[in-house]
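K.L.:
Provided below for reference: sequence and predicted model.
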Amino acid sequence: MSLNYAFSFSVFLLVLVVLNIYFFYTLNTINKKSPKFNVPKLRVDLTTNVFQDIYEYLNYLPNQYKNKNSKFMSIQKKLINSFNTSRVTNPAHAQHTWVEVDNWVSNISLFPHEDGIGGKMLHALQSTPIALVDNAPKGTQLKLLLLLEGNQKLYFKPKRYNLEHVINGKIYAGFDRHNSEVFAYYLAMVLNFKWIPPSVIRKVHLDNDILPVATSGLRKTMLKNSKGTLCIYGKCFYCKINETVCPDDNGEVEGAAILYLDKQLKVYKSPWRRSYNAKKMEWEIDSDFCVKIRGSLSTRHLLNLIEVSLFDFLIQNGDRHRYEVYKEQIILLDNGKGLGNPLVDELDILAPLYQCCMLPTSTWQHLEILSGGNLSDTIKLLSKFQGIKLATEEHFKAIERRLLKIYATVQYCIGRYGSSKVFRSGF
Ligand SMILES: Nc1ncnc2c1ncn2[C@@H]1O[C@H](COP(=O)(O)OP(=O)(O)OP(=O)(O)O)[C@@H](O)[C@H]1O
Ligand SMILES: [Mn+2]
């Protein structure tokens, strides 16, 4: 009996010890969920559904958006008249062009566009002798500030890549593409976005055109490479001594010559700017982002931002972190981050459009008649007058494909809110 009692007591003690261990274990692991029971983090990427909807609309896009619209022909003719200019190399003619440009006062465009003036401006930018060259330290990319004879200033963004080069990685990766700046100018003309400085491909001879008129500051940022060629590494935030720009076998450096606007420009941070790190921006996680923005921006300004997003989507410029405003209009400056990869259409560049679902009626009517190849055909036609190829065929195809995606996004907006809410007249 006493043996039996001793056995039962020891079993009881054992149970007590086990219970104790269990008690202390659970006490320690409270609030530490086992990984098995972790609820997966909700994806707060609100864009995904929108993207699905837009692609759905893309599949059912009416045929009119795939066919060439003959209504564009009269506009194309006007553009041709503006850019098909005989090339006069007489400096007096160039001076006359700039007088005409300087006297231009308008609330509908930054520059005149009638009677061949477009072509004349580009030609003057391309061929007027250079009086002085310095580094342009504003911004992060290597660029030069050129003063032309006759006092026009221009930015010179040098060529970094061949047209065939494809940029992989982040949408804002790589150096600026000089051809993207010039392409953007013609694209803006075709879209009827007339608030952009003229821009053209120019070749400058380093020994003949630059060195004799280079400031000592610029000379200090040049060095000879292993072949004994003098190259420029420049002065800018990202400029590195081993990332030089060197002349080709003819001693020339190609670049985009962009007219510098000596005007008081207001600078704004873009509400749809990227974070440039892993952190998501408010516009990427808040489905009501546009409602918030509408409280602080006028409808006109917002519509203008939406128009800029269409433009940026077409060339895939995902780097418009800030923008300049002149006469209450956004000026399309800094378009060098376009044409990176013809196989990528980053749809979130269109966020201002699909989040706000608004567009000026006139802009939509203009977009509609650009269908079926009119857009790329006209860019090719106009740039041919300057005799330079601006992009590979893949990029032109990509522009057409992206235009269809813009149509689909507008259809998505109409489907969601109705056309009377989407299209805004009088802007
Ligand atoms: N054509 C122009 N006329 C007048 N000012 C200009 C022009 N182009 C650019 N700027 C001004 O110069 C600054 C730098 O130019 P830009 O943005 O083209 O250089 P960037 O090196 O690409 O700069 P970031 O790295 O900040 O994008 C801009 O903030 C703008 O205010
Ligand atoms: Mn830039």
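P.N.:
Yep, it's here. Ligands and ions are numbered 1, 2, ... in the order given.

K.L.:
So which bits of the stretch 251-400 of the chain are right by ligand 1?
P.N.:
For the stretch 251-400 of the chain, the residues in contact with ligand 1 (C-beta under 6 Å from any ligand atom) are 258, 260, 261, 324, 333, 334, 336. (Each C-beta comes from the backbone N, C-alpha and C, glycine too.)

K.L.:
Okay, and the beta partners of the fourth one?
P.N.:
Beta-bridge pairing of residue 324, defined through DSSP bridges, involves residue 267, residue 331.

K.L.:
mind checking pLDDT for it?
P.N.:
Looking at residue 324, its pLDDT reads 98.

K.L.:
that older thread, what's the most distant pair in the residues of the stretch 251-400 of the chain next to ligand 1?
P.N.:
Using C-beta to C-beta, those span at most 16.1 Å, a distance reached by 261 and 336.

K.L.:
coming back round to it: show me the residues of the stretch 251-400 of the chain next to ligand 1 that map onto strands.
P.N.:
Members of these lying in strands (criterion: DSSP state E): 258, 324.

K.L.:
ok, residue 236 to ligand 1 distance?
P.N.:
From residue 236 across to ligand 1, the span is 6 Å (C-beta to the nearest ligand atom, to the nearest Å).

K.L.:
for ligand 1, what are the nearby residues on the stretch 101-250 of the chain?
P.N.:
Taking C-beta under 6 Å from any ligand atom as the contact definition, the stretch 101-250 of the chain meets ligand 1 at 138, 139, 140, 141, 155, 176, 197.

K.L.:
Identify the residues contacting the third one.
P.N.:
When contacts are counted by C-beta atoms under 8 Å, 6 or more residues apart in numbering, residue 140 is found next to 236, 237, 238.

K.L.:
what's the answer for the last one, then?
P.N.:
For residue 197, the contacting residues are 110, 111, 185, 258, 259, 260, 261, 331, 333, by C-beta under 8 Å, 6+ apart.

K.L.:
same thing but at 6 Å, please
P.N.:
258, 259, 261 (C-beta atoms under 6 Å, 6 or more residues apart in numbering).

K.L.:
What about the residue lying closest to it once chain neighbours are set aside, how many residues nearby?
P.N.:
Leaving aside its chain neighbours, residue 197 sits nearest to residue 259 (4.2 Å; criterion: C-beta to C-beta, 6 or more residues apart in numbering). Using other C-beta atoms under 10 Å, residue 259 has 24 neighbouring residues.

K.L.:
List the beta-bridge partners for residue 259.
P.N.:
If you apply DSSP bridges, the partners that residue 259 bridges to are residue 154.

K.L.:
is it true that it touches residue 198?
P.N.:
Yes - between residue 259 and residue 198 there is a contact at 5.1 Å, judged by C-beta atoms under 6 Å.

K.L.:
So residue 261 and residue 336 - more neighbours on which side?
P.N.:
Using other C-beta under 10 Å, the more surrounded residue of residue 261 and residue 336 is residue 336, with 28 against 17.

K.L.:
contacting residues for that one?
P.N.:
157, 176, 177, 180, 181.

K.L.:
with those residues in mind, which one is nearest to ligand 1?
P.N.:
Checking those against ligand 1 by C-beta to the nearest ligand atom gives residue 176 as the nearest, at 5.7 Å.

K.L.:
Is that closest one in contact with residue 141, as I believe?
P.N.:
Yes - the pair residue 176 / residue 141 is scored as a contact, 4.8 Å apart, by C-beta under 6 Å.

K.L.:
who's more crowded, the two?
P.N.:
When neighbours are counted by other C-beta under 10 Å, residue 176 and residue 141 differ, and residue 176 comes out ahead with 25 against 19.

K.L.:
For my notes, confirm the more buried one occurs in a helix.
P.N.:
No - assignment of residue 176 by DSSP: H, G, I helix; E, B strand; the rest coil gives coil, placing it outside any helix.

K.L.:
can you offset everything so residue one is 584?
P.N.:
Yep, numbering from 584; the last one is residue 759 now.

K.L.:
so who does the residue nearest to residue 999 when sequence neighbours are not counted touch?
P.N.:
Of all residues beyond its chain neighbours, the one nearest residue 999 is residue 940 (6.4 Å), with distances taken as C-beta to C-beta, 6+ apart. Residues counted as contacts of residue 940 (C-beta under 6 Å, 6+ apart) are 996, 1000, 1005.

K.L.:
try it again with 7 Å
P.N.:
996, 999, 1000, 1005 (C-beta atoms under 7 Å, 6 or more residues apart in numbering).

K.L.:
Highest neighbour count among those?
P.N.:
Result: residue 996 is most packed of the contacts of residue 940 (other C-beta under 10 Å), 23 neighbours.

K.L.:
Run through the residues that contact that residue.
P.N.:
Contacts of residue 996 (C-beta under 7 Å, 6+ apart): 937, 940, 1005.

K.L.:
That one - that's part of a helix, no?
P.N.:
Yes - using three-state DSSP, the secondary structure at residue 996 is a helix.

K.L.:
Quick check: it vs ligand 1, distance?
P.N.:
For residue 996 relative to ligand 1 (C-beta to the nearest ligand atom), the value is 29 Å.

K.L.:
tally of neighbours for the closest residue to residue 667 other than its chain neighbours?
P.N.:
Excluding the flanking residues, the one nearest residue 667 by C-beta to C-beta, 6+ apart is residue 968, at 5.4 Å. By the criterion of other C-beta under 10 Å, residue 968 has 19 neighbours.

K.L.:
likewise the one 3 residues further on?
P.N.:
Neighbourhood size, residue 971 [other C-beta under 10 Å]: 15.

K.L.:
so who does it touch?
P.N.:
Residue 971 sits next to residue 784 when contact means C-beta under 7 Å, 6+ apart.
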